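Asks: Make a model of this:
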Amino acid sequence: MKKTYNERELKKLFYCLAYARYCFTAARDALEKLISLLGTMPEEELGKFFRPFMCYACVSYVNPFTQGRLKGKLPEEFASIPNEKLQKVHELLLSARHQFYAHTDATLSHHKFTIRAVCENGEVRYSTHIDVPNLYGPKNIIALCDYQNKRVDKLVNRLMGFFVLSNNLEERAIKAKGNAVEIEIKPD
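Replies: Numbers count the residues shown, from 1 in each chain. Here you go, the predicted structure:
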C-alpha cells in the first residue's frame, strides 16, 4: 500500500517502528526467561510465573497494533502474516489481549470461570480459576516476535535508504511531491 507522508508523519512512523521493535523484543525476552524458568522449578510453582509472563508478553506484543495518541500504530500490513501458523498466533494474541488480559471485565463471559470449594481440617476455602486462552505456547510467540522484528528492521532500512539518498528530508520531500513523500509500505 502506498501512502504519502509529510515530515511529521515520517517521524511518527519511525517512532512507531522503534516502539514496535521495543515491544516485540520485550515480549520475546519475557518468554525466553519463562522458558528458562520452566525447567528449574517445581510444577506447583509454575502457575505463579506462567500467567504474569504470558500476560506481559501478550500485552507487549499487541501494543504496537493499538492506536495511541502519541505513538500511533503500526501500518496495517504488519497485521497480515503469510505464515498461517504465525498469523493464527498473531490473531490469538490480539484476541487474548483485547478480551482477556487487558479487558477482562468486558468479555469475561466468554471464558470458563470456575469456583472451587475445598474443605481442609473442617474449614471451607474457596478458589477461583479462569481458563486462559491457548496461545500455542511461548516458542511460537517468540517465533512471531522474531518475524515481526525482521519486518520492522527491513522497513526501517528501506526508509533510511530513502533518506540517505538526499541527506535532507525537506529537500527530498519537495522534489518528490510538494511537502510530502510517497512511500510504499511492504514489510515483507
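Asks: Output the contacting helices and strands for the helix or strand hosting Leu92.
Replies: Secondary structure assignment for Leu92, by DSSP states H and E: helix 84-96. Under the contact definition 3 or more Cβ pairs under 8 Å, 6 or more residues apart in numbering; DSSP states H and E, helix 84-96 sits against helix 43-62, helix 138-164. Placement of C-beta: from N, CA and C, glycine included.
Asks: Could you count how many residues lie near Asn6?
Replies: 15 (other Cβ atoms under 10 Å).
Asks: Which residues does it form beta bridges with?
Replies: Counting by DSSP bridges, Asn6 is bridged to Ala180.
Asks: what's the pLDDT at it?
Replies: Looking at Asn6, its pLDDT reads 73.
Asks: can you tell me how far it sits from Gly72?
Replies: Counting by Cβ to Cβ, to the nearest Å, the gap from Asn6 to Gly72 is 14 Å.
Asks: ok, for Leu13, nearest residue in space, not its chain neighbours?
Replies: Leaving aside its chain neighbours, Leu13 sits nearest to Tyr5 (6.4 Å; criterion: Cβ to Cβ, 6 or more residues apart in numbering).
Asks: Show me which helix or strand of this structure is least confident by mean pLDDT.
Replies: Lowest on mean pLDDT, DSSP states H and E among the helices and strands of the chain sits helix 169-177, with a mean of 45.
Asks: How many residues are close by the nearest residue to Asn149 once chain neighbours are set aside?
Replies: Computed as Cβ to Cβ, 6+ apart, the closest residue to Asn149 that is not its neighbour in sequence is Phe24, at 5.0 Å. By the criterion of other Cβ under 10 Å, Phe24 has 26 neighbours.
Asks: that older thread, quick one: average confidence on the helix holding Leu92?
Replies: 90.
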